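[1] Have a look at this prediction, sequence included:
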There are 2 protein chains.
Amino acid sequence: MTGSGTDRTRPSIAGQAPIVILVEPQLAENIGMCARAMANFGLTELRLVAPRDGWPSGGGLKKGATAAASGATHILDNARLFPDAAAAIADLNHVLATTARERGQMKRVVTPAEAMPGLSERIGTGERVGILFGRERIGLTNEEISFADAILTFPVNPAFASLNLAQAVLLCGYEWLKASGGEPPFRENNPSPPASRATVLSMFDYLEGELDRCGFFPPGKKPIMTANLRDILHRLDMTEQEARTLRGVFKSLAEGPRAGRSEPKA
Amino acid sequence: MTGSGTDRTRPSIAGQAPIVILVEPQLAENIGMCARAMANFGLTELRLVAPRDGWPSGGGLKKGATAAASGATHILDNARLFPDAAAAIADLNHVLATTARERGQMKRVVTPAEAMPGLSERIGTGERVGILFGRERIGLTNEEISFADAILTFPVNPAFASLNLAQAVLLCGYEWLKASGGEPPFRENNPSPPASRATVLSMFDYLEGELDRCGFFPPGKKPIMTANLRDILHRLDMTEQEARTLRGVFKSLAEGPRAGRSEPKA
């Protein structure tokens, strides 16, 4: 495992992951975009069933795929070729078939979010798991779907349901990484601890004293206006540093322009 | 709302959704693929900030985008153009900025799965919400990020973290639809109810009787082998229909070839 972003040939997600099986993909660009989507989410093993234009086909198809893969060439280089879907899944223990349409089969139907925790568990116990993706226009045949343990489908806008191949692979990879404990690349960068209540109340005291001095509060209104101001400022849920910054802002406004202030000090 | 798949110009997801704002997108193809990803998940409003090659730019850029949009032309037709990010978000109440890199800002960082339920709640109370997406190569400027309430980032493989623009939009739309109660287009198609225990036990009786008749059980082994067989078959969690189908299969095997069986009956 590497945390470095420089070595793009090695995924940082260790171990097995679901195998992506593209059945008779037509466009080299789609194969490449699938490889990129796989790499984005730590999927590593790609299988190709009878790509329409051959593979590598004298370099032509693979070249187009490589251009679309944006660097995920390790996945294309290691892709294995099979004559049909049955051969491509022969060594697997559990298989899902993706489809966007009801096929009238009495098979369990799951979304990626529902499926991936179970796949993760299977892979954790040593099973080999694959996901079949069909041809760009017509998908998988009913026979190919009959090879699978369950149907995988996607929650989409029913009025515009057509996902492209790489997007379907992307959503599977995304949910796989989520189910495998994937984290965003970074979180809040906030080295300062939450402000202590003493710091906040001392800031309030300073602010209210200065506003008093400026005649901000109309007669009799100070208690309610002070309460409102405190409500606004509490909502910031400030860090210690932010409380000090705000106090500095109020102080600067209260003191007004200072001689030599805008000139750099020697 | 329409449940029909034929009218692709009208999303079936009613009401507001987050507004997608592309800041200085360069490639027409990417704009089109973003529109398609939006349509897939019921996002409807697209804003473009100073696209590199203009918009519609005599038709050239928009034509390329339309080709890549695979029919999501209603989104491109209604896209609004703005000179800068500040203008594009001026009428919004809540704004997220997407970025793949740590920016050293002390801003809340959320993933799409974390963000969308909150956005859904805001939109439900009438707020207008937008998501800023940066330029293909360099993303958003730090100033543009400073306009936002929070940073949105994606859980990805750290060794291969570069998502393309449409994929980032796709993941936001996908989590938006999930948070809005989106459902897969279909579920199990199984009209038969679960088998009653009586049907299953009667099938066991038939099977075990036939196996006895065939001399399947070695002496003294019938109890344990019967228990094992029942364990295997119980695991099927059969429907009524499936129990009858299996009984028919066993019966056919037990009875062997029948005269005239393969010929259609008059």
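    Structure received. In this text the structure is predicted, and so the values were computed from the model without any measurement.
[2] Show me where the stretch 101-250 of chain A has its strands.
    Taking DSSP state E, counting those that start in this stretch as the criterion, the stretch 101-250 of chain A contains strands spanning A:108-110, A:129-133, A:150-152.
[3] now for the second one, which elements pack on it?
    When you say that, I think you mean strand A:129-133. strand A:19-23, helix A:85-88, strand A:94-98, helix A:112-124, helix A:165-179 (3 or more C-beta pairs under 8 Å, 6 or more residues apart in numbering or on different chains; DSSP states H and E). To be clear about C-beta, it is placed using only N, CA and C from the backbone, and glycine gets the same treatment.
[4] Which of these sits closest to chain B?
    Of all these, it is helix A:165-179 that lies closest to chain B, at 5.7 Å by C-beta to the nearest C-beta.
[5] so that closest one versus strand A:19-23, what angle?
    160 degrees (axes from the mean of the first three to the mean of the last three C-alpha atoms, to 10 degrees).
[6] quick one: buried residues of helix A:165-179?
    Residues A:165-179 are the ones in helix A:165-179 that count as buried (16 or more other C-beta atoms under 10 Å in any protein chain shown).
[7] near chain B, from these?
    Near chain B, taking C-beta under 8 Å from any C-beta of the partner chain as the test, the members of these found are A:167, A:170, A:171, A:174, A:177, A:178.
[8] ok, the fourth one - contacts?
    This points to residue A:174. Shown in contact with residue A:174 (C-beta atoms under 8 Å, 6 or more residues apart in numbering or on different chains): A:40, A:41, A:112, B:154, B:155, B:171, B:174.
[9] before we move on, what about the fifth one?
    Under the criterion of C-beta under 8 Å, 6+ apart, the contact list for residue A:177 reads A:13, A:41, A:42, B:155, B:156, B:157.
[10] What is the three-state secondary structure of the third one?
    This means residue A:42. When classified by DSSP: H, G, I helix; E, B strand; the rest coil, residue A:42 comes out as coil.
[11] That one contacts residue B:155, doesn't it?
    No. Contact criterion C-beta atoms under 8 Å: residue A:42 and residue B:155 do not qualify, at 10.1 Å.
[12] circling back to that earlier point, need the winner for burial among the strands of the stretch 101-250 of chain A.
    strand A:129-133 (a mean of 25; mean count of other C-beta atoms under 10 Å in any protein chain shown).
[13] Would you mind measuring from the residue nearest to residue A:183 when sequence neighbours are not counted to residue A:169?
    Spatially, and ignoring its direct neighbours in sequence, residue A:183 is nearest to residue B:155 (5.7 Å; C-beta to C-beta, 6 or more residues apart in numbering or on different chains). Noted for residue B:155: a distance of 16 Å to residue A:169, by C-beta to C-beta, to the nearest Å.
[14] How confident is the prediction for residue A:55, by pLDDT?
    pLDDT for residue A:55: 79.
[15] ugh, typo on my part, it should be residue A:86
    Looking at residue A:86, its pLDDT stands at 96.
[16] and it, how many residues sit next to it?
    Residue A:86: 12 surrounding residues under other C-beta atoms under 10 Å in any protein chain shown.
[17] Can you pull the domain assignment for chain A?
    A:19-179, A:197-255 (automatic domain parsing).
[18] Mean neighbour count, these: which tops it?
    Sorting the domains of chain A by mean neighbours (by mean count of other C-beta under 10 Å), the first place falls to domain A:19-179, with a mean of 20.
[19] Ends of it, what's the gap?
    Distance between the two ends of domain A:19-179: 16 Å, counting by C-alpha to C-alpha, to the nearest Å.
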